[in-house]
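S.K.: sequence first, predicted model second:
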Amino acid sequence: MTKKETTGAVHTMPTDLRKAVASSPSAQAVWEDITPLARNEWICWVISGKKAETRNIRINKAISKLAGGMRRPCCWAGCVHR
């Protein structure tokens, strides 16, 4: 992934999410196609989980949703950091 593909509007993509996206060609294709703001939403959604278990669940869901073509996390208020 290039630097552009590993950042959002505010957040930098964490290593665990980056590795997960890279492991799925279909999720990576969507990731590379979405806007920095959309990438930021996914990153913030993943890192906002307080427990490691929650974060892992969110990473797995993100990969599944991205691979299915979803461009932003669903049913989430959005990044409060922007």
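M.R.: Arrived safely, thanks for sending.

S.K.: which positions within stretch 32-44 qualify as buried?
M.R.: By neighbour count with 16 or more other C-beta atoms under 10 Å, stretch 32-44 contains the buried residues 34, 38, 39, 40, 41, 42, 43, 44. No exception for glycine: its C-beta is placed from N, CA and C like everyone else's.

S.K.: with secondary structure, pLDDT and distance to residue 69 as added columns, please give the residues you listed in a markdown table.
M.R.: Below are the buried residues of stretch 32-44 laid out as a markdown table (DSSP: H, G, I helix; E, B strand; the rest coil; pLDDT from 0 to 100; distance: C-beta to C-beta, whole Å):
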| residue | secondary structure | pLDDT | distance to residue 69 |
| --- | --- | --- | --- |
| 34 | coil | 95 | 10 |
| 38 | helix | 92 | 12 |
| 39 | helix | 93 | 15 |
| 40 | helix | 92 | 19 |
| 41 | helix | 93 | 15 |
| 42 | helix | 95 | 13 |
| 43 | helix | 95 | 18 |
| 44 | helix | 93 | 20 |
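
S.K.: the bottom helix or strand of the chain by mean pLDDT?
M.R.: The weakest-scoring helix or strand in the chain, judged by mean pLDDT, DSSP states H and E, is helix 36-47 (a mean of 93).

S.K.: neighbours of residue 74, just the number please.
M.R.: Neighbours of residue 74 under the rule other C-beta atoms under 10 Å: 8.

S.K.: so how far is the strand or helix carrying residue 63 from its chain's centroid?
M.R.: For residue 63, the element it lies in under DSSP states H and E is helix 52-67. Put simply, helix 52-67 sits 8 Å off its chain's centre (C-alpha atoms, centre = their mean, to the nearest Å).
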